[in-house]
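[1] Show me the folded form of this:
(chains A and B)
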Protein chains: 2
Amino acid sequence: MKIDDLVLVSIDDHVVEPPDMFRNHVPAKWADQAPRVVTDDAGVEQWVYRGRATGIIGLNAVVSWPAEEWGFDPAGFAEMRPGAYDIHDRVRDMDRNGILASMCFPTFAGFSAGHLNHVKDDVTVVMVQAYNDWHVDEWAGTYPGRFLPLALLPTWDPKLMVAEIRRVAAKGAKAVTMPELPHLEGLPSYHDLGFWGPVFQALSETGLVMCLHIGIGFGALKLAADSPVDNMIILATQISALAAQDLLWGPAFRTYPDLKVAFSEAGIGWIPFYLDRCDRHYTNQKWLRRDFGGRLPSEVFREHSLACYVTDPAALKGRHEIGIDTIAWECDYPHSDSIWPDAPEFVLAELNSAGVPDNEIDKITWQNACRFFGWDPFAVIPREQATVGALRAKATDVETAVVPRAEWARRYAAKHPQPA
Amino acid sequence: MKIDDLVLVSIDDHVVEPPDMFRNHVPAKWADQAPRVVTDDAGVEQWVYRGRATGIIGLNAVVSWPAEEWGFDPAGFAEMRPGAYDIHDRVRDMDRNGILASMCFPTFAGFSAGHLNHVKDDVTVVMVQAYNDWHVDEWAGTYPGRFLPLALLPTWDPKLMVAEIRRVAAKGAKAVTMPELPHLEGLPSYHDLGFWGPVFQALSETGLVMCLHIGIGFGALKLAADSPVDNMIILATQISALAAQDLLWGPAFRTYPDLKVAFSEAGIGWIPFYLDRCDRHYTNQKWLRRDFGGRLPSEVFREHSLACYVTDPAALKGRHEIGIDTIAWECDYPHSDSIWPDAPEFVLAELNSAGVPDNEIDKITWQNACRFFGWDPFAVIPREQATVGALRAKATDVETAVVPRAEWARRYAAKHPQPA
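    Numbers count the residues shown, from 1 in each chain, chains lettered A, B, ... in the order given. This next block holds a predicted model:
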């Protein structure tokens, strides 16, 4: 495989929502209740919705910053590489990184809309819909063929969720982002089909994928109060096995054979161990009389799951223990784990180290994701224009240097002069 | 490798403590305060210590029961295969299973002595010491060369722990069993060297291994209230990465280069994924300025750790990603995950499936464990008498049939007639 012949579809990136995102999508009646960006007395920009403020931490927008400037301190729009929030810059950064298409998770809204859904009422439904309209029509819609639209849901009410799933499916969304472990948010767990059953049914019928992004369920771990921040970053993927467990060993996967789940940014190395453990438990603890319909739990897991990774070198060597049709790569732009602008080189080197042949590289870098999300990568952009080589050829002028936060802020000020 | 030529050292089995275990080991002054077995009104035997009762669940003694009789309901001594609690029967069951040597974790006392340590006073120190004396002198001492003695600690007090570590080391203990995540038990976390430092120092100086058995830290996971029992059994190994994280990324491993930790029954398949994630975090998140002394976190982990598994087929294929000197097998007799009486066949088939060569089989089945615990397997029993073939030749008369609980109880009653 030559670098230039790779096709890269990244099914986990992030959009830092631009301050004007709600402008065109909230009916006038509710316009004054829409989330808005407020600059506090310390000069920090925060999104405020219904009295609750949410900042944007630096780690969520590090792309092209010097490593020593990363951190949890808040980042304002001025300091960010514009590709974080500006659709035109984003697509140029994708071109430079050889990325044909991207699925973008929210930032201020919360991975499963928690920063909107803290107020559970009709106004929030309007805002969730406005978010989705912006995301599908404006963010993804500006560049057809470059994005797999991902919708939020009003997670507190199954009827509202079902209605929104059908609405966004009709307008082209390919997935919804949902809680890893809803019981942590005061909702019924995924074992409760009385609550989640209609949602799983609607997802099954529309073909939309349920994305469970790491981080949402981090509260599942009771860590020591004096444990360092490394624990959170390194252990976040441990939650994915907990989420898989609830779906696989609860009724969800076995009741809804068409339900599809992407374990977003979960890594893939936990899967062979987890599935061996599931199969051993199933065949060993027969007294529990679990019924997987004549199959093994590992088989049922693979029928429903897409395993998503940024970098996972050892796991790629054991790719057939995971399932070669179950693995999909992701970029995580503009977060601290992202690989930019050299994703093609990084990804191919890791795949080569693991001895992955060309046909399997294609599965991992685009085919599995496109099949799973029901998205034709070449519907708009022909394959010969979709490769790393073709995309990069359009973006030779994209600046790839390390640029300090202060320099971004200087450029931003020059571009956005304050009224005198 | 021929079955008969295997040498098997199992570094995780369990003793169901016999009712008379304290008889010879508690000074007369405290004899009436020692834990004792009481039969309640429902006929269930329970250990009672200082007002708190602890039963023995069936899953902890299933060996040779029919699968449909497994479960969480309590098991009395009468129903158990005697090898669970009787040292002579145990050694015969080990012979039949080709096991040269075994390290036995507690049952009623709790894996890290929680069922004694709930009362934190001098009397409990006496009972912990009595337990250890029984375990080293009576349980292990009856059959020299067949056991690696494992001691309990009075976990609430570093000075007491240090004293007990030195005392049991002097009498031949090879390891201590400790909490996976002490902060869950109201103790300082392993990040706190003010508390744990002297303990780590004493372990380092004596060469005793710190064993962290799965299950102790299960409370670290906030699972859904309606999740099935499968979750607990399947996910218990997730805690091992949390424990490793506190030791590797906290100061313990880097401050005490000789500290040794066995992740007992933790499985081994989580390790390559975890270590890749650690190394990536270390090299990527440079702003955190962590210092592993010019090495990678994965290297430091391997210097300190022994990874222990019962069955882990996919992980054995990736054994070099774990570290071929880091893996040790265990039997888990008489628990529900144990393999008896055909451990040799099971273990060798799994190793063969993973393509493990003979020299690596020896590492995994005995050499790594013996090196790590500082235990010479052939000091008492010459190698030619220590193999599966030699041990089994002594035990051809051991009954291996499935025997229902009621039949064990009938035999027990016949052997232990009640006074009229």
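[2] Now for residue A:253: which residues touch it?
    Residues near residue A:253 by CB atoms under 8 Å, 6 or more residues apart in numbering or on different chains: A:247, A:259, A:300, A:301, A:303, A:304. The C-beta positions use only the backbone N, C-alpha and C, and glycine is treated the same way.
[3] need the next SSE after the helix or strand hosting residue A:131, C-terminal direction.
    In this structure, residue A:131 sits in helix A:122-133 according to DSSP states H and E. The helix or strand immediately downstream of helix A:122-133 is strand A:150-151, counting by DSSP H and E.
[4] Partner strands of that next one and their direction?
    Strand A:150-151 has the following strand partners under DSSP bridges: strand A:175-177 (parallel).
[5] which residues sit against the strand it pairs with?
    Contacts of strand A:175-177 (CB under 8 Å, 6+ apart): A:103, A:105-106, A:111-113, A:148-153, A:165, A:168, A:203, A:208-213, A:262, A:264, A:373.
[6] Then stretch A:141-148?
    A:9, A:11, A:87-88, A:91, A:94, A:100-104, A:139-140, A:174-175, A:373, A:375, A:377, A:379-381.
[7] what about that stretch, distance to the chain center?
    16 Å (CA atoms, centre = their mean, to the nearest Å).
[8] again, but for stretch A:24-36
    With CA atoms, centre = their mean, you get 26 Å for stretch A:24-36.
[9] mean confidence score for that stretch?
    Stretch A:24-36 comes out with an average pLDDT of 96.
[10] on that earlier part again, may I see the ChimeraX selection of the buried members of the contacts of stretch A:141-148?
    Applying 16 or more other CB atoms under 10 Å in any protein chain shown to the contacts of stretch A:141-148, the buried members can be selected in ChimeraX as follows:
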select /A:9,11,87,91,94,100,101,102,103,104,139,140,174,175,373,375,377,381
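[11] Could you list which of the contacts of stretch A:141-148 belong to strands?
    A:9, A:11, A:100, A:101, A:102, A:103, A:104, A:175 (DSSP state E).
[12] Relative to chain B, which of the residues you listed is nearest.
    residue A:11 (19.4 Å; CB to the nearest CB).
[13] Quick check: residues of the stretch 51-200 of chain A near chain B?
    A:67, A:68, A:69, A:70, A:71, A:181, A:183, A:184, A:189, A:190, A:191, A:192 (CB under 8 Å from any CB of the partner chain).
[14] returning to what we had before: I'd like the ones in strands among the contacts of stretch A:141-148 laid out as JSON lines, including pLDDT.
    Output for the ones in strands among the contacts of stretch A:141-148, formatted as JSON lines (pLDDT from 0 to 100):
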{"residue": "A:9", "pLDDT": "98"}
{"residue": "A:11", "pLDDT": "97"}
{"residue": "A:100", "pLDDT": "98"}
{"residue": "A:101", "pLDDT": "98"}
{"residue": "A:102", "pLDDT": "98"}
{"residue": "A:103", "pLDDT": "98"}
{"residue": "A:104", "pLDDT": "98"}
{"residue": "A:175", "pLDDT": "98"}
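[15] Between which two of these is the distance greatest?
    Longest distance between any two of the ones in strands among the contacts of stretch A:141-148 is 17.0 Å, between A:100 and A:175; criterion CB to CB.
[16] residues in contact with the nearest residue in space to residue A:342 that is not next to it in sequence?
    Counting by CB to CB, 6 or more residues apart in numbering or on different chains, residue A:97 is the residue found nearest to residue A:342 once chain neighbours are left out, at 7.7 Å. Contact partners of residue A:97, counting by CB under 8 Å, 6+ apart, are A:8, A:331, A:333, A:339, A:340, A:341, A:342, A:343, A:344.
[17] Now, of those, which are buried?
    Buried among the contacts of residue A:97 by 16+ other CB under 10 Å: A:8, A:331, A:333, A:339, A:340, A:341, A:343, A:344.
[18] out of these, which are inside helices?
    A:343, A:344 (DSSP state H).
[19] Give me the three-state assignment for residue A:408.
    Classification of residue A:408 using DSSP: H, G, I helix; E, B strand; the rest coil returns helix.
[20] Counting neighbours, what do you get for it?
    Look at residue A:408: counted by other CB atoms under 10 Å in any protein chain shown, it has 22 neighbours.
[21] So it is in contact with residue A:75, correct?
    No - contact criterion CB atoms under 8 Å: residue A:408 and residue A:75 do not qualify, at 9.5 Å.
[22] Tell me who's in contact with the residue nearest to residue A:3 when sequence neighbours are not counted.
    Counting by CB to CB, 6+ apart, residue A:3 lies nearest to residue A:344, which is 5.0 Å off, once chain neighbours are set aside. Neighbouring residues of residue A:344 by CB under 8 Å, 6+ apart: A:3, A:6, A:8, A:97, A:98, A:388.
[23] cutoff 7 Å now
    Counting by CB atoms under 7 Å, 6 or more residues apart in numbering or on different chains, residue A:344 touches A:3, A:6, A:8, A:98, A:388.
[24] So the last one sits against residue A:1, correct?
    No - under the criterion of CB atoms under 7 Å, residue A:388 lies out of contact with residue A:1, with a separation of 10.2 Å.
[25] So between those two, which is more surrounded?
    The residue with more neighbours, out of residue A:388 and residue A:1, is residue A:388; 25 against 16, by other CB under 10 Å.
[26] Give the full set of residues in contact with the nearest residue to that one once chain neighbours are set aside.
    Counting by CB to CB, 6+ apart, residue A:98 is the residue found nearest to residue A:388 once chain neighbours are left out, at 3.2 Å. Counting by CB under 7 Å, 6+ apart, residue A:98 makes contact with A:6, A:8, A:343, A:344, A:388, A:391, A:392.
[27] secondary structure element for the last one?
    I take that to be residue A:392. Going by DSSP H and E, residue A:392 is in helix A:388-393.
[28] wait, which of the buried ones among the contacts of residue A:97 is closest to chain B?
    residue A:339 (9.6 Å).
[29] Is that closest one in contact with residue A:330, as I believe?
    No - look at residue A:339 against residue A:330 with CB under 7 Å: they stay out of range, at 9.7 Å.
[30] shared neighbours of these two, anything?
    In contact with both residue A:339 and residue A:330: residue A:310, using CB under 7 Å, 6+ apart.
[31] Now the residue nearest to residue A:273 when sequence neighbours are not counted. Its backbone dihedrals?
    Ranked by CB to CB, 6+ apart and with sequence neighbours excluded, the top spatial neighbour of residue A:273 is residue B:269, at 2.7 Å. The phi/psi pair for residue B:269 (degrees, to the nearest 10) reads phi -70, psi -20.
[32] quick one: contacts for residue B:269?
    So residue B:269 contacts A:272, A:273, A:276, B:312, B:314, B:315 (CB under 7 Å, 6+ apart).
[33] go again using 10 Å as the cut-off
    A:269-277, A:318, A:321, B:237, B:307, B:309, B:312-318, B:321-322 (CB atoms under 10 Å, 6 or more residues apart in numbering or on different chains).
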